[in-house]
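Chemist: Have a look at this prediction, sequence included:
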Amino acid sequence: MFFCLFLFIAIQSLTIPIFYKSVVVSQEIFILTFAHFLFILICLKKGNFTLRVNHLIVLVASLVVLLSNMGSLLSCLVLFLYVFIYIGIGNALGPKLMSLFISYAAIFAAIFSLYSYQSMRLGLSEVLSSRLIGTYGQPNLFAGLMLIGFFSYQQLILNNERYGILYQVPSVLLAVVLFLAGSQAALLGLTLSILCVLYLVVKRRQEFCCLRSGIYALCALMLGYVVAAQIGLTTVLQRYASEVDITQGSISTYVRFNDWFSAILIGLDHPWFGVGVGNFKSVINDYQIKTVEILSFTYDSLSLSLWAHNDYLHILAENGFVVFFMFAVFICYILKPFFDKYSSEEFYLVPAFLSILVMMCFGYPFRYHAIVFVIICIVSQLTCNDIAVFNIKRNNVIMCLVVFFVVLDIFFFKHFVDMYRLDMFAEVVVSNKIVEKDFFVVGQNTLLTSSEDELYGWEFKHHLYYNLSSKSLFEHDIGLAESILPDALKHRVVNGFHTMDFALSQLYYVLGDYEKGMSYSRAAMKNRPDRDQYFNFMHLNNVMGISSSKKIPLNTLLDDSQFHELLESKVIDKSQFDENKIVILKDRINKV
């Protein structure tokens with residue numbers, strides 16, 4: 001039990017630098033370890049393995065995702081890993097332990113984050129923010145953990161009939177951190193949850209313990225708000241009183257509307273099975289332009305978005321209406337019984353579940369390992385008494401799980417090794433030690449072996465190619481551009497961002513293929529028309545091409561001030577033209 005609790009806390013709060021510096025990847029290691037521990041418990045426990053109605057709904061939906069996304073092996077394996085944890089918790093650990101685990105993990109993360117926040121406020125940290133960021137590195141997601149942790153702790157003390165004031169001290173701590181995170185989605189979820197609790201109290205007025213517990217919880221929230229107000233900016237009004245926050249909030253709102261409407265357009269264009277798991281980021285840029293034209297938004301609403309900032313619409317875009325409908329049925333199936341019949345054992349679990357459903361409308365908690373893990377634990381508690389459909393002999397289940405974990409371990413071992421090597425390569429790039437030879441040796445062995453549907457590797461490649469293309473431009477490093485181009489073109493297939501088009505434009509410019517450079521600049525400008533940089537570079541490629549084909553000196557096509565400015569800024573290199581300032585065509589243009 002203590003080892004399981006340690007794993008649960010680690011998933012929420014810790015990273016392992018010896019493997020990765022990305023908390024997302026570290027959580028994959030912990031979650032896989034937790035799944036192995038759960039498998040051992042299933043092997044040791046006596047009795048049959050029970051499959052319930054809610055388990056079958058999840059399994060059918062997961063099979064649909066698998067069959068329609070056979071090319072995204074990593075995403076499918078992670079999905080089935082979570083399916084196993086969801087089913088296994090009810091058959092091995094029992095749902096009542098989950099409130100304890102969630103509470104401890106949230107309290108530990110809250111203490112650590114509050115310490116970091118106070119260090120920042122006292123000037124002991126270089127990171128400055130008016131909001132508490134938390135162990136996730138993202139305040140909205142972390143506020144979700146605090147909100148779920150608050151309700152889980154209230155459920156824990158209600159189950160154990162602990163009503164003393166001192167038992168509410170952890171609740172106040174969680175409330176303080178929740179308000180310091182300053183998440184508007186979390187506050188909206190909290191409001192809905194409080195209304196839900198009030199409804200439950202009225203409906204179950206015959207149970208005095210629920211009424212008393214609800215009053216204590218409300219007082220803990222109020223005290224937490226007062227304490228948080230003394231430490232930093234907490235309320236929505238205070239956040240918007242700042243000029244910076246007003247600007248960011250306005251832009252953020254339009255960006256979300258753009259992402260939501262774009263996700264709907266993607267779903268309508270791919271109604272049955274969507275664009276595929278992980279492919280939202282590959283097509284979003286094209287649909288954002290359509291959204292701007294339809295809704296008459298400004299180009300400020302365009303973003304390099306990995307998510308739809310609405311988990312329901314993200315599911316619709318990537319998985320289509322079939323999985324979207326099954327997901328909606330699953331949520332309704334979970335909630336419906338609790339509006340007819342309640343017990344004190346679920347008194348705070350329904351508000352916790354509702355709060356996360358609200359947050360899923362404005363963010364991506366369903367896309368983040370640590371939050372998904374908590375959601376699964378909440379849902380397993382709510383569905384522990386669901387109708388049993390199959391009772392399978394445990395030995396048969398164990399045989400199937402052995403095969404499942406062998407496949408899982410082989411794949412994830414390779415994945416972890418690839419990610420480790422990718423992280424080591426990242427250190428070389430960040431320290432500016434990369435040279436042409438390094439890219440050839442490490443690039444072919446590391447960049448090409450890392451999975452394209454793994455977010456960490458995808459983001460790393462995106463930033464790497466963009467930064468190295470700029471490096472090759474300003475240093476006019478033809479060898480580096482030649483080595484980058486083949487891999488960058490392959491990555492472009494799964495990367496629809498306008499920055500990737502601009503990176504390819506720079507590479508072709510360095511290599512002297514000005515026609516392709518102009519083509520990719522035009523593609524970048526199409527997806528982000530307000531970027532003068534893209535238009536100027538398209539114009540420069542055109543000028544270079546005209547000078548080369550028409551034998552016209554550059555200082556004739558460009559005025560002297562422009563020519564010397566580009567020469568001084570190293571955008572134009574002296575090796576690109578002859579003594580008459582006519583652009584020279586290079587023989588070593590990469591034809592890939």
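Modeler: Done, it's in.

Chemist: quick one: low-confidence parts of the chain?
Modeler: Applying pLDDT under 70 to the chain picks out residues 1-26, 94-96, 119-130, 200-201, 203-209, 232-252, 297-304, 339-344, 423-456, 586-592.

Chemist: what's the neighbour count on Asp560?
Modeler: Counted by other Cβ atoms under 10 Å, the residues lying close to Asp560 total 8. For every residue, glycine as well, the C-beta is placed using N, CA and C.

Chemist: What distance do you get for it to Lys581?
Modeler: Using Cβ to Cβ, to the nearest Å, one gets 11 Å for the distance from Asp560 to Lys581.

Chemist: Then Asn279?
Modeler: 46 Å.

Chemist: How about Lys570?
Modeler: For Lys570, the distance to Lys581 equals 16 Å [Cβ to Cβ].

Chemist: Just want to know which of those two has more residues nearby.
Modeler: Taking neighbours as other Cβ under 10 Å, Lys570 and Lys581 compare with Lys581 leading, 18 against 11.

Chemist: what secondary structure does the more buried one sit in?
Modeler: Recorded secondary structure, Lys581: coil (DSSP: H, G, I helix; E, B strand; the rest coil).

Chemist: OK, contacts around it?
Modeler: Residues in contact with Lys581 (Cβ atoms under 8 Å, 6 or more residues apart in numbering) are Ser547, Pro553, Leu554, Asn555, Thr556, Phe563.

Chemist: Neighbours of the nearest residue to it once chain neighbours are set aside, how many?
Modeler: With Cβ to Cβ, 6 or more residues apart in numbering as the measure, Pro553 is the residue that lies nearest to Lys581, at 4.1 Å, once sequence neighbours are left out. Pro553 has 15 neighbours, counted by other Cβ under 10 Å.

Chemist: Wait, Pro553 touches Ile546, no?
Modeler: No - with contact defined as Cβ atoms under 8 Å, Pro553 and Ile546 do not form a contacting pair (10.9 Å).

Chemist: Okay, helices next: where are they in the stretch 201-350 of the chain?
Modeler: Applying DSSP state H, counting those that start in this stretch to the stretch 201-350 of the chain gives helices spanning 208-231, 236-241, 243-269, 280-295, 311-335, 349-359.

Chemist: looking at the ones you listed, which is buried most?
Modeler: Taking mean count of other Cβ atoms under 10 Å as the contact definition, the stretch among the helices of the stretch 201-350 of the chain with the greatest mean neighbour count is helix 349-359, which reaches a mean of 24.

Chemist: Residues contacting the following helix or strand past that one, please?
Modeler: Once the chain leaves helix 349-359, the next helix or strand it forms, by DSSP states H and E, is helix 369-382. With Cβ under 8 Å, 6+ apart as the test, helix 369-382 has contacts from 8, 11-12, 24, 27-28, 31, 54, 82, 85-86, 89-90, 95-96, 98-99, 101-102, 105, 136, 141, 144-145, 148, 152, 334, 338, 346, 349-350, 352-353, 356, 365-366.

Chemist: Next, the buried residues of stretch 546-561.
Modeler: Ser547, Ser548, Ile552, Leu554, Asn555, Leu557, Leu558 (16 or more other Cβ atoms under 10 Å).

Chemist: Secondary structure and distance to Asp311 for those - can I get that in a markdown table?
Modeler: Formatted as a markdown table, the buried residues of stretch 546-561 follow (DSSP: H, G, I helix; E, B strand; the rest coil; distance: Cβ to Cβ, whole Å):
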| residue | secondary structure | distance to Asp311 |
| --- | --- | --- |
| Ser547 | helix | 52 |
| Ser548 | helix | 51 |
| Ile552 | coil | 55 |
| Leu554 | helix | 52 |
| Asn555 | helix | 56 |
| Leu557 | helix | 51 |
| Leu558 | coil | 50 |
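
Chemist: Columns distance to Phe497 on top of those residues, output as CSV?
Modeler: Converted to CSV, these look like this (distance: Cβ to Cβ, whole Å):
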residue, distance to Phe497
Ser547, 30
Ser548, 30
Ile552, 35
Leu554, 31
Asn555, 35
Leu557, 31
Leu558, 30
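
Chemist: what's the closest of the helices of the stretch 201-350 of the chain to Gly479?
Modeler: Nearest to Gly479, of all these, is helix 280-295, at 29.4 Å by Cβ to Cβ.

Chemist: which helices and strands does the closest one pack with?
Modeler: Counting contacts by 3 or more Cβ pairs under 8 Å, 6 or more residues apart in numbering; DSSP states H and E, helix 280-295 packs against helix 243-269, helix 311-335, helix 514-527.

Chemist: One more pass at 10 Å, please.
Modeler: Applying 3 or more Cβ pairs under 10 Å, 6 or more residues apart in numbering; DSSP states H and E, one finds that helix 280-295 makes contact with helix 243-269, helix 311-335, helix 455-475, helix 498-511, helix 514-527.

Chemist: Indicate which one of these is closest to Leu540.
Modeler: Using Cβ to Cβ, the nearest of those to Leu540 is helix 498-511, at 7.5 Å.

Chemist: ok now the closest one, how far from the chain's centre?
Modeler: 27 Å (Cα atoms, centre = their mean, to the nearest Å).

Chemist: what angle separates the helix or strand hosting Phe101 from helix 369-382?
Modeler: Assigning secondary structure by DSSP H and E places Phe101 in helix 96-121. Taking axes from the mean of the first three to the mean of the last three Cα atoms, to 10 degrees, one finds helix 96-121 and helix 369-382 inclined to each other by 150 degrees.

Chemist: ok, back up a step: didn't the residue nearest to Lys581 look like it was pressed against Val543?
Modeler: No - with contact defined as Cβ atoms under 10 Å, Pro553 does not count as touching Val543 (11.0 Å).

Chemist: Quick check: neighbours shared by these two?
Modeler: By the contact definition Cβ atoms under 10 Å, 6 or more residues apart in numbering, Pro553 and Val543 are jointly contacted by Phe563, Val583.

Chemist: secondary structure class for Gly496?
Modeler: Counting by three-state DSSP, the backbone at Gly496 sits in coil.

Chemist: quick one, what contacts it?
Modeler: If you count contacts by Cβ under 10 Å, 6+ apart, Gly496 has them with 279-288, 304, 523, 527.

Chemist: can I get the residues you listed in TSV with distance to Tyr254?
Modeler: Compiled in TSV, the contacts of Gly496 are given as follows (distance: Cβ to Cβ, whole Å):
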residue	distance to Tyr254
Asn279	24
Phe280	19
Lys281	19
Ser282	23
Val283	20
Ile284	15
Asn285	16
Asp286	18
Tyr287	15
Gln288	11
Leu304	15
Ala523	24
Asn527	17
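
Chemist: Which two of those residues have the greatest separation?
Modeler: By the measure Cβ to Cβ, Phe280 and Ala523 form the most distant pair in those, at 19.3 Å.

Chemist: distance of Arg367 from Val350?
Modeler: Taken as Cβ to Cβ, the span from Arg367 to Val350 is 23 Å.

Chemist: Glu585 belongs to a strand, doesn't it?
Modeler: I think there's a mix-up here, since residue 585 is Leu and not Glu. No - secondary structure of Leu585, determined by three-state DSSP: coil, with no strand assignment.

Chemist: show me the contacts for it.
Modeler: When contacts are taken as Cβ under 10 Å, 6+ apart, Leu585 is in contact with Gly512, Asp513, Tyr514, Met544, Gly545, Ser548, Ser549, Gln576.

Chemist: just checking, His270 touches Phe324?
Modeler: No - under the criterion of Cβ under 10 Å, His270 lies out of contact with Phe324, with a separation of 11.5 Å.

Chemist: Which residues are in contact with each of the two?
Modeler: Jointly contacting His270 and Phe324 under the rule Cβ under 10 Å, 6+ apart are Leu316, Ala317, Glu318.

Chemist: Make TSV from these and add distance to Gly457 to it.
Modeler: Shown next, in TSV, are these (distance: Cβ to Cβ, whole Å):
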residue	distance to Gly457
Leu316	25
Ala317	21
Glu318	18
